[in-house]
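A.B. asks: curious how this folds, go ahead:
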Amino acid sequence: MNPLKARQNILSPLLSRYSLVIKGSLFLRKLECGQKSCVCHSDPKKRHGPYHVLSFKVQNRYRQVYVPSKLLPKIKKAMLNHARWSSLIDRLTDLTVKEIFSQR
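C.D. replies: Alright, predicted model coming up:
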């Protein structure tokens with residue numbers, strides 16, 4: 001078996017290990033509420049929150065969704081999985097390019 005195929009056979013199953021994958025950013029946001037008499041409108045330090053927000057891109061459009069605290073571990077794991085996928089894809093790309101250009 002050629003070296004590229006051998007490495008691909010090792011790396012490819014690793015990709016399937018990371019089934020939840022999110023490419024995005026997680027940040028905190030503090031907000032003003034809808035009640036005009038609330039102190040959050042006059043004092044930025046008294047705004048409500050902080051709330052976790054996930055920002056990501058789907059079909060060339062940026063989206064932001066609020067993330068309940070109980071989902072944070074799952075979101076963080078999916079974001080870490082994306083980083084792992086990217087690393088594996090980079091390694092596979094490097095191996096593939098080397099194999100293709102070595103066949104000239």
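
A.B. asks: the helices in the protein, which residues?
C.D. replies: Using DSSP state H, the helices of the chain run over residues 3-17, 72-102.

A.B. asks: including mean neighbour count and distance to Gly24, could those helices go into TSV?
C.D. replies: C-beta coordinates here come from the backbone N, C-alpha and C atoms, glycine included. Conversion of the helices of the chain to TSV gives the following (neighbours: other Cβ atoms under 10 Å; distance: least, Cβ to Cβ, whole Å):
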stretch	mean neighbour count	distance to Gly24
helix 3-17	12	19
helix 72-102	14	7
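
A.B. asks: mean pLDDT lowest for which of those?
C.D. replies: When the helices of the chain are compared on average pLDDT, helix 3-17 comes out lowest at a mean of 70.

A.B. asks: could I get the helices of the chain as a markdown table with distance to Ser25?
C.D. replies: Conversion of those to a markdown table gives the following (distance: least, Cβ to Cβ, whole Å):
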| stretch | distance to Ser25 |
| --- | --- |
| helix 3-17 | 23 |
| helix 72-102 | 8 |
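
A.B. asks: for Leu72, what are its contacts?
C.D. replies: Leu72 is in contact with Leu26, His52, counting by Cβ atoms under 8 Å, 6 or more residues apart in numbering.

A.B. asks: what does the model give Arg61 for pLDDT?
C.D. replies: At Arg61 the predicted local confidence, pLDDT, stands at 96.

A.B. asks: state the number of residues packed around the nearest residue to Asn81 once chain neighbours are set aside.
C.D. replies: Leaving aside its sequence neighbours, Asn81 sits nearest to Tyr18 (Cβ to Cβ, 6 or more residues apart in numbering; 3.7 Å). Residue crowding around Tyr18 was assessed by other Cβ atoms under 10 Å; the count is 16.
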